[in-house]
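Participant: Pasting a predicted model and its sequence here:
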Amino acid sequence: MPRPIRKTLSAQGVTPPIPVDIYPSTYISVAVTFAPASALTYTAEHTYDDVFSETFNPATATWFPNVDLAAETANGETNYVSPITAIRLNVTAFTSGAATITILQTGALT
C-alpha cells in the first residue's frame, strides 16, 4: 500500500515538486490542511514538464493551478485521474501558521 507524501510550508513560497508516477493507471488524491490559527492563501499546482530531466528547473517549469484548490484560505481536497508529472503547494500570501499538502497515489483497481 502506498504511503502519503507530505510537505509543509510555514512561509510564503513553494514546496519542491513532488513527482508522481505517470505510467500505470493511477488516481491521485490531494489534500491541503492548515495548522490551527493559520492565516494564509494557497494554490495546489501541477506540471506536465519532465521533472527527471537534467535540465528541469522548477522556477521555469510551466505550473497549472488545480481548479479545486486555487486561492484557497481553508482546508481543501481534490483528485487527479489524468496523468501529470508533479504537484507542488504554492503559498501565495502568508500571515501566520502553516499549510501541509498530502498526496496519495494508487494504481487503478481492476
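Facilitator: Right, received. Where do you want to start?
Participant: so who does F64 touch?
Facilitator: Shown in contact with F64 (C-beta atoms under 8 Å, 6 or more residues apart in numbering): E45, H46, T47, Y48. Just so you know, the C-beta spots here come from the backbone N, C-alpha and C atoms, and that holds for glycine as well.
Participant: tell me the contacts of the first one?
Facilitator: So the one you mean is E45. V14, W63, F64, P65, N66, I87, R88, L89, N90.
Participant: again, 6 Å this time
Facilitator: W63, P65, R88, N90 (C-beta atoms under 6 Å, 6 or more residues apart in numbering).
Participant: where's it, which helix or strand?
Facilitator: strand 39-47 (DSSP states H and E).
Participant: sorry, back to before: quick one, which of the contacts of F64 are buried?
Facilitator: E45, H46, T47 (16 or more other C-beta atoms under 10 Å).
Participant: So P58 is in contact with I18, correct?
Facilitator: No: taking contacts as C-beta atoms under 6 Å, P58 lies outside contact range of I18: 10.8 Å.
Participant: More neighbours: which of those two?
Facilitator: I18 (19 against 15; other C-beta atoms under 10 Å).
Participant: Next up, the contacts around that one.
Facilitator: Applying C-beta under 6 Å, 6+ apart, we find I18 in contact with I5, A86, I87, I103.
Participant: Looking at the residues you listed, which two lie furthest apart in space?
Facilitator: I5 and A86 (11.1 Å; C-beta to C-beta).
Participant: so how far is F56 from A31?
Facilitator: 26 Å (C-beta to C-beta, to the nearest Å).
Participant: do A70 as well
Facilitator: With C-beta to C-beta as the criterion, A70 and F56 are 23 Å apart.
Participant: same deal with T106?
Facilitator: On the measure of C-beta to C-beta, T106 and F56 end up 25 Å apart.
Participant: follow-up on the earlier one: and after the strand holding E45, which helix or strand comes next?
Facilitator: Downstream of strand 39-47 (by DSSP H and E), the next one is strand 64-65.
Participant: Could you tell me the angle between the helix or strand that comes right after that following strand and strand 39-47?
Facilitator: The helix or strand immediately downstream of strand 64-65 is strand 76-80, counting by DSSP H and E. Between strand 76-80 and strand 39-47, the angle comes out at 0 degrees (axes from the mean of the first three to the mean of the last three C-alpha atoms, to 10 degrees).
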